[in-house]
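*Asks:* Build me a structure from this.
(one chain, ligands or ions: 1)
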Amino acid sequence: MNRFVDIRRDLHQIPELGFEEVKTQQYLLNYLSELPQDRLTLKKWHTGIIVKIRGLNPKRTIGWRTDIDGLPITENTNLPFSSKHEGRMHACGHDFHMSIALGVATHFAANPINDDLVFIFQPAEEGPGGAEPMMASEELREWMPDEIYALHIAPEHPAGTIATKPGLLFANTSELFIDFKGKGGHAAYPHETRDMIVAASYFVTQLQSIVSRNVDPLDSAVVTIGKMTGGTVQNVIADHARLEGTIRTLSPEAMNKVKSRVQSLLKGIEASFECEAEIDCGSGYYQVFNNPEVTERFIQFAKEQPDIQFVQSREAMTGEDFGFMLKEIPGMMFWLGVGSEYGLHHAKLNPNETAIETAISFISRYFTALGN
Ligand SMILES: CC(=O)N[C@@H](CCC[C@H](N)C(=O)O)C(=O)O
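*Replies:* This is a model prediction of the structure:
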């Protein structure tokens, strides 16, 4: 079996949430310390790592970014290398992303090109976001790439596929956390209480009208509540309920519109249910916008590779804080096909591992063509 499949399986067993990636960072550091060190320098940034491989005759720096965090999901794949961390899973493929980044770094540590290469192992992509603070950090600013790339696994495409497009690829995002505070009491005396289960439920229903009635039908938006909590026991009226969700839009303008409608609807709920509601928009990610020139060049290269099936993709409502890097640095992101019956963020996600070797080989060839 390919050693980077082994590495992916090792990393798959130790998923950690954003900014808690302590074991992951140590695993990556141990691996990187075994590469030829003559051209390699690295720095830690919180739980992340930045690795530079000095070129032979550098004119610029080419960047590769991988995310390293997992999700709060309980794995249900029954694979022999399933997560050993209870309630945590690499259900978004960051184990693939990391092993591919290590594979490409391994190639160039032994076979340097003219240009410098910088590999960014970034924490907290799933939240609260590592890319924006990393971009502002001294550590990265000192080695800032002139051009930057990243991939994301795509379960809906077969292994061997690469999909992308110039321009907008991923949506603008905002997290959404809402606490409803009312008055609890006996289940048999609702008139003496202010029931926050009912208030939160009405609010979830009202949210459904934002996309259908407030967003321009030619634009696109998503409002998803992924978690609803409240109450303690079946015969007590809840004095508190909490909603956790996310907003996605294709334009920054639509994001402002959706947020302002969420606030207005919430005021109505406060008045109707005589309660207080506190809203926290958590972290938000800037859209992933692929530099058209860089992307056209990349697509041309991908189409010429006999082992790659290129697919022109559509925009997706997924979010990625790599968007903050692309906001400042010309570059692009692409989908890597991994053909899995279950999609991203699913407890049964089981990507096809043959895609790891394909990606390492493809990216190594692309960077060699680019940086010499
Ligand atoms: C590729 C991917 O799945 N990314 C995540 C990013 C989540 C950002 C944040 N926690 C939010 O939910 O808004 C996604 O869910 O799209």
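*Asks:* can you map out the strands along the stretch 51-200 of the chain?
*Replies:* 61-67, 116-122, 147-154, 161-164, 167-170, 172-181, 185-186 (DSSP state E, counting those that start in this stretch).
*Asks:* Nearest to the ligand, out of the ones you listed?
*Replies:* The ligand sits nearest to strand 172-181 of all the strands of the stretch 51-200 of the chain, at 3.8 Å, using C-beta to the nearest ligand atom. Glycine gets a C-beta too; all of them are placed from N, C-alpha and C.
*Asks:* and the closest one, how far from the chain's centre?
*Replies:* Centroid separation for strand 172-181 versus its chain: 18 Å, with C-alpha atoms, centre = their mean, to the nearest Å.
*Asks:* Can you lay out the strands of the stretch 51-200 of the chain as CSV showing distance to residue 53?
*Replies:* Output for these, formatted as CSV (distance: least, C-beta to C-beta, whole Å):
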stretch, distance to residue 53
strand 61-67, 10
strand 116-122, 4
strand 147-154, 15
strand 161-164, 23
strand 167-170, 27
strand 172-181, 32
strand 185-186, 65
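*Asks:* gap between residue 184 and residue 356?
*Replies:* 52 Å (C-beta to C-beta, to the nearest Å).
*Asks:* between these two, which one's more packed in?
*Replies:* residue 356 (26 against 17; other C-beta atoms under 10 Å).
*Asks:* show me what contacts the more buried one?
*Replies:* Residues counted as contacts of residue 356 (C-beta atoms under 8 Å, 6 or more residues apart in numbering) are 2, 4, 5, 8, 96, 99, 100, 103.
*Asks:* Report the secondary structure state of the closest residue in space to it that isn't next to it in sequence.
*Replies:* Closest residue to residue 356 apart from its sequence neighbours, by C-beta to C-beta, 6 or more residues apart in numbering: residue 4 at 5.1 Å. Counting by DSSP: H, G, I helix; E, B strand; the rest coil, the backbone at residue 4 sits in helix.
*Asks:* Tell me the confidence at residue 4?
*Replies:* For residue 4, the pLDDT comes out at 98.
*Asks:* got it, and residue 259?
*Replies:* pLDDT at residue 259 comes out at 98.
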